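[1] Based on what follows, work out the 3D shape:
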Amino acid sequence: MEALYIVVAIVVIAGFVASILFRVVVETNKVHIVQSKKKTTSYGTGQSAGNVYYNWPRWLPVIGINRIILPVNNFDLSLHGYKAYDKDRVPFELDLTAFFCIKDTNKAAERISDFQALLKQLEFIVQGAARKILASHDIHQIMVDRATFGKQFTDEVSQELVNWGVETVKNMELMDIRDTDGSEVIRNIMAQKSSFIAKNSRIEVASNNQAAEIAEIEAQRSVDLSRQDAEMQVGQRTAEKDAAVGIANQKAEQEIAIERAITTEKEMDVSRIAKVRQAEIDKDAAIVLGEQGKQVAILNADGALEATKRKAEGTRTEGAAKADAEKFMQLAPVQAQIALAKEIGENKGYQQYLIALKAIEAYLSVGGKQAEALTAADIKIIANAGSPTNGMKSVMDIFSSQGGTNIGAMLEALNQVPQGAELLQSIGSLMSGLSGSGEKDKTNCTGDDNESQLM
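    Numbering: from 1, shown residues only. Below you'll find the model as predicted:
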């Protein structure tokens, strides 16, 4: 019995130790597919069986297992230096990367022994898809449309991967394409592409430089136009200002000239009024002087007439006495003197003619003074009746105020023209001759009288 207990105890202890040694906890990024004698079970995070199992060696009867460890996260597969051909049998090498994940671990475990075997199978699948697709296209197209070929690779393998419990995560990527040893096809294509790119780059650079230069020219033109517009506006404003200032100055000068003209006109009016007033005063003075001269002439004429009459009476009386004494010797001369004295005493027209001559001399003197006064006043005033028929009608009109004014106006008007001046000079000469003749006659008369008296 004791031996049995010892054996049982050893078995329990051994089982406990074995359980500790063979107990497996699955990592979170992996799944363990355990194949026992009767079934296949997946262990890991999210699996229905959990993530803990016992990895009993498969040589143990009944409890022995076989397991496959597969990743549950994404993994990649790369083809490096894979030799391929295009449709024209142009050789080249490529680098291709594919991205997968295990969707059905149990199905994957049924077809492979381990993960490395799965990778090898996936590599064959990818190579077959790449070879099939690349062999039906031109190398130029392959180099240009890498993204398109990556999608074609992915679509080609997707259906086959389902049988392996695997699926693609993203499209495959054609990482690089290059020449194989001894081939320069891709290099030439790349040279062509580089030259094409260089050409396009130079064209683009030239176009950009042209656009930049045009933009700079346009900007400079815009700046120049703006500057010119600003200068033109400044010039226009300056011209407008100068014009406004000039117009204002002209208006001011015009106003000053107008005011000066008004002032001058007023001064001329004042001067004209003063001259007219002075002329009126001088005229009134001349009229007064004319009246005075007329009165003096009248008084002198009256005295001369009375003296002539008295002298004539005395001469007649004396002549009568002498005539009686010398009746026979001097009858003729005495009678002639008596007749002359009688004619002078009784002929009023002749007497008025002599008086008119004296009046004309007086008025000539007065008119000359008046003309000098009017000349000093720089005003010529001619007062007349307007027509000859309205002038003096007789010699006696000389002694009226109207007659004096008419004579003065006539003499002033005649004196203003050369013909009138010559006429006045001729009249003056004539008057002087008449005056001298009268004096001679008087002298003769006096001499005869004295002679008669002496006799």
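
[2] give the contact list for Y53.
    By Cβ atoms under 8 Å, 6 or more residues apart in numbering, the contact set of Y53 is V24, V26, H32, V34, T41, Y43, I65. For glycine as for every other residue, the C-beta is placed from the backbone atoms N, C-alpha and C.

[3] How many residues are close by S78?
    S78 is flanked by 13 other residues according to other Cβ atoms under 10 Å.

[4] Would it be right to say that it lies in a helix?
    No. Secondary structure of S78 (DSSP: H, G, I helix; E, B strand; the rest coil): strand, not part of a helix.

[5] OK, contacts around it?
    So S78 contacts D95, L96, T97, A98, M175 (Cβ under 8 Å, 6+ apart).

[6] Let's verify the first one: helix, strand, or coil?
    Taken by three-state DSSP, the conformation at D95 corresponds to strand.

[7] Just grab the bridge partners of it for me.
    D95 has the following beta-bridge partners by DSSP bridges: D176.

[8] picking up where we left off before, make a PyMOL selection of the buried ones in the contacts of S78.
    With 16 or more other Cβ atoms under 10 Å as the burial test, the buried ones among these are selected in PyMOL as follows:
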select buried, resi 96+97+98
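
[9] Let me have the contacts of S78 in TSV, adding distance to E255 as columns.
    Shown next, in TSV, are these (distance: Cβ to Cβ, whole Å):
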residue	distance to E255
D95	101
L96	103
T97	101
A98	104
M175	98
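
[10] between the contacts of S78, which is nearest A84?
    Set against A84, the nearest of these by Cβ to Cβ is L96 (9.4 Å).

[11] And that closest one, how far from M175?
    6 Å (Cβ to Cβ, to the nearest Å).

[12] where does the stretch 351-455 of the chain have low pLDDT?
    351-414, 417, 419-420, 423-424, 427-455 (pLDDT under 70).

[13] In contact with N73, which residues?
    N73 sits in contact with N29, C101, where contact means Cβ under 8 Å, 6+ apart.

[14] tell me the SS of it?
    When classified by three-state DSSP, N73 comes out as coil.

[15] what helix or strand does the residue most central in space within the chain sit in?
    Centroid-nearest residue in the chain, with Cα atoms, centre = their mean: Q233, separated by 3.8 Å. Assigned by DSSP states H and E, Q233 falls within helix 185-325.

[16] and that helix, average pLDDT?
    Mean pLDDT, computed over helix 185-325, is 81.

[17] Domain boundaries for this protein, per the record?
    Domain assignment for the chain by automatic domain parsing gives 2-69, 74-183, 273-454.

[18] about what we covered before: quick check: the two most widely separated of the contacts of Y53?
    Pairwise over the contacts of Y53, using Cβ to Cβ, the maximum falls at V26 and I65, 13.7 Å.

[19] For V52, give me its contacts.
    With Cβ under 8 Å, 6+ apart, V52 has these contacts: R23, V24, V25, V26, Y43.

[20] Of those residues, select the buried ones using a ChimeraX command.
    The ChimeraX selection below is limited to those of the contacts of V52 classed as buried (16+ other Cβ under 10 Å):
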select :26,43
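
[21] which ones among the contacts of V52 are found in strands?
    Among those, the members falling in strands (DSSP state E) are R23, V24, V25, Y43.

[22] Format the residues you listed as CSV; extra columns: pLDDT.
    Formatted as CSV, those follow (pLDDT from 0 to 100):
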residue, pLDDT
R23, 83
V24, 84
V25, 82
Y43, 84
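
[23] Tabulate these (CSV), appending distance to H140.
    Listed next are those as CSV, based on distance: Cβ to Cβ, whole Å:
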residue, distance to H140
R23, 60
V24, 54
V25, 55
Y43, 51
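
[24] could you dump the contacts of Y53 to CSV with distance to A252?
    Compiled in CSV, the contacts of Y53 are given as follows (distance: Cβ to Cβ, whole Å):
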residue, distance to A252
V24, 119
V26, 113
H32, 116
V34, 121
T41, 120
Y43, 116
I65, 125
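
[25] ok, these vs E240, which is closest?
    Using Cβ to Cβ, these come closest to E240 at V26, 97.1 Å.

[26] any idea how far the closest one lies from V52?
    From V26 to V52 the distance is 7 Å (Cβ to Cβ).

[27] Now the common contact residues for those two.
    Counting by Cβ under 8 Å, 6+ apart, the common neighbours of V26 and V52 are Y43.

[28] And the strands in the stretch 51-200 of the chain?
    Secondary structure of the stretch 51-200 of the chain (DSSP state E, counting those that start in this stretch): strands at 52-54, 66-71, 75-85, 91-102, 166-178.

[29] which one of those strands lies closest to Q295?
    Short answer: strand 166-178, nearest of the strands of the stretch 51-200 of the chain by Cβ to Cβ, at 154.4 Å.

[30] what separates the closest one from the chain centre, distance-wise?
    71 Å (Cα atoms, centre = their mean, to the nearest Å).

[31] what pLDDT, on average, does it get?
    pLDDT averaged over strand 166-178 gives 87.

[32] relative to strand 66-71, how tilted is it?
    Counting by axes from the mean of the first three to the mean of the last three Cα atoms, to 10 degrees, strand 166-178 points 60 degrees away from the direction of strand 66-71.

[33] Contacts for strand 166-178, please.
    Contact with strand 166-178 is made by 74, 78, 92-103, 108, 118, 122, 126, 139, 142-143, 146-147, 149-151, 153-154, 157-158, 161, 186, as judged by Cβ under 8 Å, 6+ apart.

[34] which among those end up buried?
    Listed as buried from these are 92-94, 96-98, 100, 102, 108, 118, 122, 126, 139, 142-143, 149-150, 153-154, 157, 161, 186; burial here means 16+ other Cβ under 10 Å.

[35] sorry, back to before: I'd like the strands of the stretch 51-200 of the chain as CSV, with distance to L4 appended.
    Conversion of the strands of the stretch 51-200 of the chain to CSV gives the following (distance: least, Cβ to Cβ, whole Å):
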stretch, distance to L4
strand 52-54, 27
strand 66-71, 35
strand 75-85, 53
strand 91-102, 49
strand 166-178, 54
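
[36] Show me the one of the ones you listed that comes nearest A135.
    It is, among the strands of the stretch 51-200 of the chain and with distance given as Cβ to Cβ, strand 75-85, at 5.9 Å.

[37] distance between stretch 271-288 and the chain's centre?
    Distance, centroid of stretch 271-288 to centroid of chain: 65 Å (Cα atoms, centre = their mean).

[38] Only alpha carbons, please: show it as PDB.
    Taking Å, rounded to 0.1, in the frame of the first residue of the first chain, the C-alpha atoms of stretch 271-288 are listed here in PDB:
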ATOM      1  CA  SER A 271     -12.300 167.600 -62.800                       C
ATOM      2  CA  ARG A 272     -14.800 167.900 -65.700                       C
ATOM      3  CA  ILE A 273     -17.300 169.400 -63.300                       C
ATOM      4  CA  ALA A 274     -14.700 171.700 -61.900                       C
ATOM      5  CA  LYS A 275     -13.600 172.800 -65.400                       C
ATOM      6  CA  VAL A 276     -17.200 173.200 -66.500                       C
ATOM      7  CA  ARG A 277     -17.900 175.100 -63.400                       C
ATOM      8  CA  GLN A 278     -14.800 177.300 -63.900                       C
ATOM      9  CA  ALA A 279     -15.800 177.700 -67.500                       C
ATOM     10  CA  GLU A 280     -19.300 178.800 -66.400                       C
ATOM     11  CA  ILE A 281     -17.700 181.200 -64.000                       C
ATOM     12  CA  ASP A 282     -15.400 182.500 -66.700                       C
ATOM     13  CA  LYS A 283     -18.300 182.700 -69.100                       C
ATOM     14  CA  ASP A 284     -20.300 184.600 -66.500                       C
ATOM     15  CA  ALA A 285     -17.300 186.900 -65.900                       C
ATOM     16  CA  ALA A 286     -16.900 187.400 -69.700                       C
ATOM     17  CA  ILE A 287     -20.600 188.200 -69.900                       C
ATOM     18  CA  VAL A 288     -20.300 190.600 -67.100                       C
END
